[in-house]
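> Sequence first, predicted coordinates after that:
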Amino acid sequence: MMNRREVLKSVAVMLGGAFSAPTLMAMDNWERKVTANAENLQLTEIQKNIVAEVAEMIIPRTNTPGAKDAGVPAFVVMMLQDCYRKPEHLSFVAGVQDLEKRGFLSLNQQEKTKLLKAVEADTVQQMIAYNVQQTKMGDNEDREQMKEVPKGLPYWRLMKELTLLGYFTSEAGIKASFDYVPIPGKLEITKLKPGQKAFAY
C-alpha cells in the first residue's frame, strides 16, 4: 500500500511535476503534521462559498464526483490555514475578495467561466513578477521591500494546485481516476483495454 509521500509524488508526476515551491513546502508540512502559522486564515462564509464554487468549476461533477463531492473546499482552507505562510494567506484572501467584489456567486455559469479565464490570464503576469521577486531574495534592499509588501504565490495558482491536490488524494478522486483494488491478486503484467483506468492498490 502506498504511503502519503508516495501518493503525493504520484500526484505531482500526474500533474506534470509542476507544483510550486510554497505548495511543495506545504505538502511537507502536511505530511509531518507541522503547523506553519500561528495566525489563522480568515475567510467569511461567503468567501468559503466562493472557494467551493471555484473548486467545483475546476473539477465539476460529471459521471464522476466533483470537487465538492470529494471534500476539496474544506481541504483547500485547511491546507492554507495549517501549512502555508502569511504571504500566501494574503494573496489568496486578496484573490477571493476580488471575486467577491465582482459578484462571482451571483453570476451565471458562462459569466463565471469568463471571469475565471480572465483571472487565469492575469496570473501569467503575476507569476512572472513572483518569480522575479524570488530571484532577488539575496538583495538586502529587495528583501526589506518584500517585508513591507509580502507577495505570495498568486491566488489562482494556489487555488488550482490545492484543488487538484485535494481531489487526487481523496478517496473519491482516486476511485474516479483509477480502478481501486483493496486486495490485489497475484503480481502479473496486465494490458489495459482502451479507456480502462489504471489500477491503484
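Sure thing, it's come through.
> what kind of secondary structure is the closest residue to Ala129 other than its chain neighbours in?
In space, Ala129 comes closest to Lys151 once its chain neighbours are excluded; the distance is 7.3 Å by C-beta to C-beta, 6 or more residues apart in numbering. The way it works is simple: take the backbone N, C-alpha and C, and place the C-beta from them, glycine included. Under DSSP: H, G, I helix; E, B strand; the rest coil, Lys151 falls in the coil class.
> Lys151: neighbour count?
17 (other C-beta atoms under 10 Å).
> pretty sure it is touching Ala94, no?
No - applying C-beta atoms under 8 Å as the test, Lys151 and Ala94 come out as separate, 10.2 Å apart.
> gap between Ala176 and Met57?
Ala176 sits at a distance of 17 Å from Met57 (criterion: C-beta to C-beta, to the nearest Å).
> and if you look at Leu162?
In this view, Leu162 and Met57 are 14 Å apart by C-beta to C-beta.
> between the two, which one's more packed in?
A side-by-side neighbour count of Leu162 and Met57, using other C-beta under 10 Å, places Leu162 first with 26 against 15.
> Could I get the pLDDT score of the more buried one?
For Leu162, the pLDDT comes out at 90.
> How about it: what's its closest non-neighbour residue?
Of all residues not flanking Leu162 in the chain, Val76 sits nearest, at 4.5 Å (C-beta to C-beta, 6+ apart).
> now do Val54
Val54 sits nearest to Met159 (C-beta to C-beta, 6+ apart), 5.9 Å away.
> Which neighbouring elements make contact with the helix or strand encompassing that neighbour?
In this assignment (DSSP states H and E), Met159 forms part of helix 155-168. Judged by 3 or more C-beta pairs under 8 Å, 6 or more residues apart in numbering; DSSP states H and E, helix 155-168 is in contact with helix 4-14, helix 21-32, helix 45-58, helix 72-83, helix 86-101, helix 109-135, helix 171-177.
> for the ones you listed, which one ends up most surrounded?
Most buried of the helices and strands packed on helix 155-168, by mean neighbour count (mean count of other C-beta atoms under 10 Å): helix 72-83, with a mean of 21.
> Could you write out the alpha-carbon coordinates of that helix in PDB?
C-alpha atoms of helix 72-83 as PDB (Å, rounded to 0.1, in the frame of the first residue of the first chain):
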ATOM      1  CA  VAL A  72     -11.900  19.700  -1.700                       C
ATOM      2  CA  PRO A  73     -13.200  23.100  -0.500                       C
ATOM      3  CA  ALA A  74     -12.600  22.200   3.200                       C
ATOM      4  CA  PHE A  75      -9.200  20.700   2.200                       C
ATOM      5  CA  VAL A  76      -8.100  23.900   0.400                       C
ATOM      6  CA  VAL A  77      -9.000  26.000   3.500                       C
ATOM      7  CA  MET A  78      -7.300  23.500   5.900                       C
ATOM      8  CA  MET A  79      -4.100  23.400   3.800                       C
ATOM      9  CA  LEU A  80      -3.800  27.200   3.600                       C
ATOM     10  CA  GLN A  81      -4.600  27.700   7.200                       C
ATOM     11  CA  ASP A  82      -2.300  25.000   8.600                       C
ATOM     12  CA  CYS A  83       0.500  24.600   6.000                       C
END
